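> A structural model of the following input is requested.
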Amino acid sequence: MRSPGDVLYNFHWIEAGKAARSAQAYAGFLGPFLRNHAIRTLINLRGPNARHLWWKYETWVCRRLSVVHRDVMLNSRRLPTRQMLINLLDAFDAAERPFLLKCSGGQDRSSFAAALYLVHSKGWSAIDDARAQFARWPYLHMPKHHQRWLKPFLEFARSGARGRPLRQWLEGEYTPESLKAWLESQGLSDSFRGLYDKPGTAPGI
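Okay, here's the model as predicted:
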């Protein structure tokens, strides 16, 4: 049975007892929330934000509870660099289980990261489970105009990988420019705002 905190923070297990996803835990309840689920690593998909109170609070709580805190930057509106995606896979591999993926609302970046976790850890046979991480219910994934590239990324990656592990394809072939070209070829040229590594790109906090 889901607790009120689970509903409030859009908490769901990706893989029971191993990996979970959620929204930002505000209102001072992060500590009990992490303890209730025995979380040992928190992967923050909003990147390092040392000037923001939520990040200071989050890292303080993790230190107090001896929970490993890792920052990984993703932007739901801009196409990721190769290094951003490699950093995400590295975070998966290094994380003590169970770990928690979280962004702001637990809807978009968390859906994307959860899908990549399943493909990375289980291979392409998990593609249907990965696609399901983008469901409107129960994850509330209702992408805005420039967030519509997130789910199609799976098909782009599967096509490009041709059965090879996700990491091998990312390290050897992926570029945001190739993703941009593929999206345009699929009639999705307006599904993103730009490339993350272009000058003037703002962090997706």
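> residue contacts, the spatially most central residue of the chain?
By Cα atoms, centre = their mean, the chain has its centre lying nearest to Ala113, at 2.8 Å. By Cβ atoms under 8 Å, 6 or more residues apart in numbering, the contact set of Ala113 is 21, 43, 45, 72, 74, 88, 101, 103. In this view, the C-beta of every residue, glycine as well, is placed from N, C-alpha and C.
> where does this protein dip in pLDDT?
1-2, 198-205 (pLDDT under 70).
> skip the chain neighbours and tell me the closest residue to Arg131.
Nearest non-adjacent residue to Arg131, counting by Cβ to Cβ, 6 or more residues apart in numbering: Leu154, 6.3 Å away.
> which elements pack onto the helix or strand containing His69?
Here His69, judged by DSSP states H and E, is contained in strand 68-71. If you count contacts as 3 or more Cβ pairs under 8 Å, 6 or more residues apart in numbering; DSSP states H and E, strand 68-71 packs onto strand 41-44, helix 53-65.
> tell me the most buried of the ones you listed?
strand 41-44 (a mean of 23; mean count of other Cβ atoms under 10 Å).
> for that strand, packing partners?
Partner elements for strand 41-44 (3+ Cβ pairs under 8 Å, 6+ apart): helix 53-65, strand 68-71, helix 82-94, strand 99-102.
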